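In: coordinates only, sequence not included:
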């Protein structure tokens with residue numbers, strides 16, 4: 001089951017508003033001995049680990065920190081030496097207090113300002129939705145084992161309704177809190193989960209307050225939106241050039257046909273290898289009618305032989321390129337690839353008309369574009 005929270009984690013917190021100004025931290029930590037370190041971390045970049053910005057020690061089951069005024073809110077964490085997990089909060093120019101529960105950091109309480117109030121509303125929704133989806137999945141498994149197709153269909157419809165309600169809730173939160181850092185978090189979750197079209201996310205992003213757009217999280221969101229937009233359906237496929245097995249450079253523009261399939265795969269990817277015979281069948285059927293295929297391999301550095309052997313073993317007759325840089329493959333990064341197999345279908349003008357189709361759906365779309373239905 002996909003996790004509903006890509007950035008915030010699953011920590012549970014409760015918050016309340018206080019009117020004092022300034023960013024200061026006080027906490028109680030019952031049962032934690034003196035001298036244990038308390039670390040404050042911030043997520044400076046959504047693509048990297050949080051960075052520790054301050055620390056102190058526990059004395060008489062209490063701790064206190066004054067990180068100073070923050071220019072913009074940010075996703076932050078409290079960690080306690082020797083304890084697993086963390087307590088999530090948002091740094092904001094308000095006094096923030098913590099009641100740390102030694103045996104359950106996720107249940108620790110936080111009292112802060114408006115940003116933290118909004119955060120807890122979001123986290124509570126996610127927890128409730130996750131629990132309902134989890135219960136439904138367990139019931140689905142039971143219905144499947146009992147071969148109860150009617151009950152299985154009802155449960156699947158219930159899950160679809162839950163997911164629809166989840167999207168409605170998130171959009172409502174963003175619209176009601178355009179000046180909240182949490183709204184940027186929600187949008188980043190949505191784009192990472194790919195549950196909402198990029199165009200809708202761009203519209204929601206445009207409604208964010210300018211103060212939110214200046215945060216590091218929102219800037220990362222904007223960059224991701226720009227990248228996703230470049231390879232969204234309806235966009236012109238970005239051109240690329242990469243080495244062939246013979247060591248020559250080959251670009252997408254060099255081989256584009258009436259219909260072009262860009263196939264991201266690797267020798268180590270079992271689902272890719274399972275799909276290869278289907279692509280071979282489609283290629284043999286439609287290549288003479290205008291279909292071109294270019295494979296982009298995400299094989300590892302130093303494993304050129306495995307890449308070439310997979311091409312030979314699977315009898316792949318189309319163009320192949322790779323820089324052999326695994327997930328750092330430049331072409332894959334340009335296309336925002338985070339899992340394989342992945343596929344992009346282009347029309348004669350190089351416009352992306354479909355993504356990630358396999359099996360019969362892939363053949364049907366290619367036949368449609370070539371007028372062969």
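Out: Okay, I see it. Treat the numbers as computed from the prediction; the structure is a model and nothing was measured.
In: List the single closest residue to residue 102 in space, sequence neighbours excluded.
Out: Using C-beta to C-beta, 6 or more residues apart in numbering and skipping residues adjacent in sequence, the residue nearest residue 102 is residue 31, 4.4 Å away. All C-beta atoms are positioned from the backbone trio N, CA, C, and that covers glycine.
In: these two touch, right, that neighbour and residue 58?
Out: No: using C-beta atoms under 8 Å, residue 31 is not in contact with residue 58, being 10.3 Å away.
In: So the spatially most central residue of the chain, which state does it fall into?
Out: Nearest to the mean C-alpha position of the chain, counting by C-alpha atoms, centre = their mean, stands residue 192 at 2.5 Å. Following DSSP: H, G, I helix; E, B strand; the rest coil, residue 192 is assigned to helix.
In: From residue 80, how far off is it?
Out: As judged by C-beta to C-beta, to the nearest Å, residue 192 and residue 80 stand 28 Å apart.
In: quick one on the thing from earlier: so between residue 31 and residue 58, which is more surrounded?
Out: residue 58 (20 against 9; other C-beta atoms under 10 Å).
In: doesn't residue 39 make contact with that one?
Out: No: at 11.6 Å, residue 58 and residue 39 do not qualify as touching, with contact defined as C-beta under 8 Å.
In: Which residues are in contact with each of those two?
Out: Common contact partners of residue 58 and residue 39 (C-beta atoms under 8 Å, 6 or more residues apart in numbering): residue 80.
In: Below-threshold pLDDT in the chain: ranges please.
Out: Within the chain, the stretches with pLDDT under 70 are 1-22, 373.
In: next structured bit after the helix or strand harbouring residue 306?
Out: Residue 306 belongs to helix 304-313 when assigned by DSSP states H and E. Once helix 304-313 ends, the next helix or strand along the chain (criterion: DSSP H and E) is strand 319-321.
In: Kindly spell out which helices and strands sit in contact with that following strand.
Out: With contacts taken as 3 or more C-beta pairs under 8 Å, 6 or more residues apart in numbering; DSSP states H and E, strand 319-321 sits against strand 291-297.
In: quick one: contacts for the spatially closest residue to residue 300 that is not a sequence neighbour?
Out: The shortest distance from residue 300 to any non-neighbouring residue, by C-beta to C-beta, 6+ apart, is to residue 326 (4.7 Å). Contact analysis of residue 326 by C-beta under 8 Å, 6+ apart lists 298, 299, 300, 301.
In: again, but for residue 212
Out: Per C-beta under 8 Å, 6+ apart, neighbours of residue 212: 178, 179, 180, 181, 183, 184, 218.
In: Just the buried subset of those residues, please.
Out: 180, 181, 183, 184, 218 (16 or more other C-beta atoms under 10 Å).
In: wait, what's in contact with residue 219?
Out: So residue 219 contacts residue 213 (C-beta under 8 Å, 6+ apart).
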